[in-house]
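Undergrad: below are the sequence and a predicted model for it; my questions follow.
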Amino acid sequence: KAGVTQTPRYLIKTRGQQVTLSCSPISGHRSVSWYQQTPGQGLQFLFEYFSETQRNKGNFPGRFSGRQFSNSRSEMNVSTLELGDSALYLCASSLVGLTPNEQFFGPGTRLTVL
Amino acid sequence: DAKTTQPPSMDCAEGRAANLPCNHSTISGNEYVYWYRQIHSQGPQYIIHGLKNNETNEMASLIITEDRKSSTLILPHATLRDTAVYYCIVRANTGTASKLTFGTGTRLQVTL
């Protein structure tokens, strides 16, 4: 079974631009979560999507948004990029059940904002 | 979700058991203990999780104290490829929500 895939793997943008990152979950997984990892703040939860609906959100400004499609693929968008948005953005997918399930992470997209 | 405390770093000789401790003294009755690891420049990898009983899988064993206030992840025969940052996470059984709250983890260095 193929793992979680993220595209692109690397991205360079300039301040003020906007960026869209893509995540394809493991087949059959309907929950997709996004995380930001920086040296200073570590791994932080951005949001989670399930059945095309955002059902959990971390403490990030409104410039960070996402969506999920009917095939469970997800995209996240960051508008008006700032230098501090430089980070590794990780996507994770999981099955949905009555008890917490393990999340499977993709390799991440490394975003550099100049 | 409860807060966890882990030592910032540990060393282990290859072939020996690596025992990684985690303190979660404020854990609630419905909260699970999860362990993930992150090898440099890769996404985190799930290792194991448990509620109150000890658990074992092909990667590791998880020992949870009877009062559930602490746990230990055991890698029985550490190899160089086990060098990574190990995260202990406590997560409530909130039905289907999947949020993970990562701390700073323990950086395990396996040496020859």
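TA: Yes, it's here. Since we're looking at a predicted model, the values are computed, not measured.

Undergrad: show me which positions of stretch A:29-47 end up buried.
TA: A:29-37, A:43-47 (16 or more other C-beta atoms under 10 Å in any protein chain shown). From N, CA and C alone the C-beta is placed, and that goes for glycine too.

Undergrad: and for stretch B:51-65?
TA: Going by neighbour count (16+ other C-beta under 10 Å), the buried part of stretch B:51-65 is B:55, B:60, B:61, B:62, B:63, B:64.

Undergrad: my guess is residue A:104 contacts residue A:26, does it?
TA: Yes. If you go by C-beta atoms under 8 Å, residue A:104 and residue A:26 touch, sitting 5.7 Å apart.

Undergrad: which residues do the two both contact?
TA: Shared contacts of residue A:104 and residue A:26 (C-beta atoms under 8 Å, 6 or more residues apart in numbering or on different chains): A:3, A:4, A:93.

Undergrad: returning to that earlier point: farthest pair within the buried residues of stretch B:51-65?
TA: For the buried residues of stretch B:51-65, the maximum inter-member distance is 13.0 Å, found between B:60 and B:64 (C-beta to C-beta).

Undergrad: quick one: list the elements packing against the helix or strand where residue A:36 lies.
TA: Taking DSSP states H and E as the criterion, residue A:36 maps to strand A:31-38. If you count contacts as 3 or more C-beta pairs under 8 Å, 6 or more residues apart in numbering or on different chains; DSSP states H and E, strand A:31-38 packs onto strand A:42-50, strand A:74-78, strand A:87-94.

Undergrad: make JSON lines out of those and add mean pLDDT.
TA: Shown next, in JSON lines, are the helices and strands packed on strand A:31-38 (pLDDT from 0 to 100):
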{"stretch": "strand A:42-50", "mean pLDDT": "92"}
{"stretch": "strand A:74-78", "mean pLDDT": "98"}
{"stretch": "strand A:87-94", "mean pLDDT": "95"}
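
Undergrad: and those strands, which is most packed in?
TA: Of all these, strand A:87-94 carries the top mean neighbour count, a mean of 24, counting by mean count of other C-beta atoms under 10 Å in any protein chain shown.

Undergrad: each with direction, which strands does the helix or strand just after it pair with?
TA: Downstream of strand A:87-94, the next assigned helix or strand under DSSP H and E is strand A:104-105. Partners of strand A:104-105 in the sheet, by DSSP bridges, are strand A:87-94 (antiparallel).
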